[in-house]
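J.: Have a look at this prediction, sequence included:
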Amino acid sequence: FIEAFSVFDKDGDAMITIEELDAFMVALDLKIIENELQGLISEADTDINGGTIDLSQFLNLLARKIRDTELEEGLIEAFKVFDKNLDGFISTNELRLVLSSYGEELSDEEIDKIILDADVNGDGQINYQKYVKGLITCLLYTSDAADDLLCVDLGGRRIIK
């Protein structure tokens, strides 16, 4: 990663700008929108270098992103338990089936509420990969001190509360 830092530090000032970080993320095939990039820079720039990060901050940022990726993969695997036909979605019937197999008998209204709360695109199912990605992003950019957590996706839909 130290070599990567040097490669993407185009102007050789030992600092990575948002543009240089974007080029690095593209090279890793990580698609990140500009406001997320700015969030990453702001989070990593602990000594307020005017929107740039040094090597140490860059390495800390990468370590956090790798840890978050592992968390994301773990959560996706956990959701797959509910996805009986492995299509990437959890339907009302799949949710009811798995919950009842664990002794959880919920009413139709309770099942519908769970689906509604986690349905990030309004199709009546849980796209758990999108839901987990939104959840991880929410947790990454939310203060630990937040008493009432409310995250929304780019479309303004609630992801978690």
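T.: In hand now; what should we look at? Numbers count the residues shown, from 1 in each chain.

J.: low-scoring stretches of the protein, by residue?
T.: 1-4, 28-31, 49, 66-67, 136-161 (pLDDT under 70).

J.: for it, longest helix please?
T.: For the chain, the helix with the greatest residue count under DSSP state H is helix 55-80.

J.: what packs against the helix or strand just after that one?
T.: Going down the chain from helix 55-80, the next helix or strand is strand 89-90, by DSSP states H and E. Other helices and strands packing on strand 89-90, by 3 or more C-beta pairs under 8 Å, 6 or more residues apart in numbering; DSSP states H and E, are strand 126-127. The C-beta positions use only the backbone N, C-alpha and C, and glycine is treated the same way.

J.: Against which helices or strands is the longest helix of the chain packed?
T.: Using 3+ C-beta pairs under 8 Å, 6+ apart: helix 55-80 touches helix 2-8, helix 34-44, helix 128-140.

J.: between that helix and helix 34-44, how big is the angle?
T.: Following axes from the mean of the first three to the mean of the last three C-alpha atoms, to 10 degrees, one obtains 120 degrees for the angle between helix 55-80 and helix 34-44.

J.: for helix 55-80, the distance to its chain's centre please.
T.: Remark: helix 55-80 is offset 9 Å from the chain centroid, using C-alpha atoms, centre = their mean, to the nearest Å.

J.: how about that helix: buried residues?
T.: For helix 55-80, a neighbour-count test (16 or more other C-beta atoms under 10 Å) marks 57-58, 61-62, 65, 72, 75-76, 79 as buried.

J.: of all the residues you listed, which comes closest to residue 32?
T.: Comparing these against residue 32 with C-beta to C-beta places residue 65 closest, at 9.9 Å.

J.: distance of that closest one from residue 35?
T.: Distance, residue 65 to residue 35, using C-beta to C-beta, to the nearest Å: 16 Å.

J.: next one: residue 114
T.: Where residue 35 is concerned, residue 114 sits at a distance of 30 Å (C-beta to C-beta).

J.: Could you check which of these two has the larger neighbour count?
T.: residue 114 (17 against 10; other C-beta atoms under 10 Å).

J.: Before we go further, the more buried one is sitting in a strand, right?
T.: No. Assessed with DSSP: H, G, I helix; E, B strand; the rest coil, residue 114 is helix; it does not lie in a strand.

J.: got a list of what the residue nearest to residue 42 when sequence neighbours are not counted touches?
T.: Leaving aside its sequence neighbours, residue 42 sits nearest to residue 51 (C-beta to C-beta, 6 or more residues apart in numbering; 7.6 Å). Residue 51 sits next to 17-18, 38, 41-42, 45 when contact means C-beta atoms under 8 Å, 6 or more residues apart in numbering.
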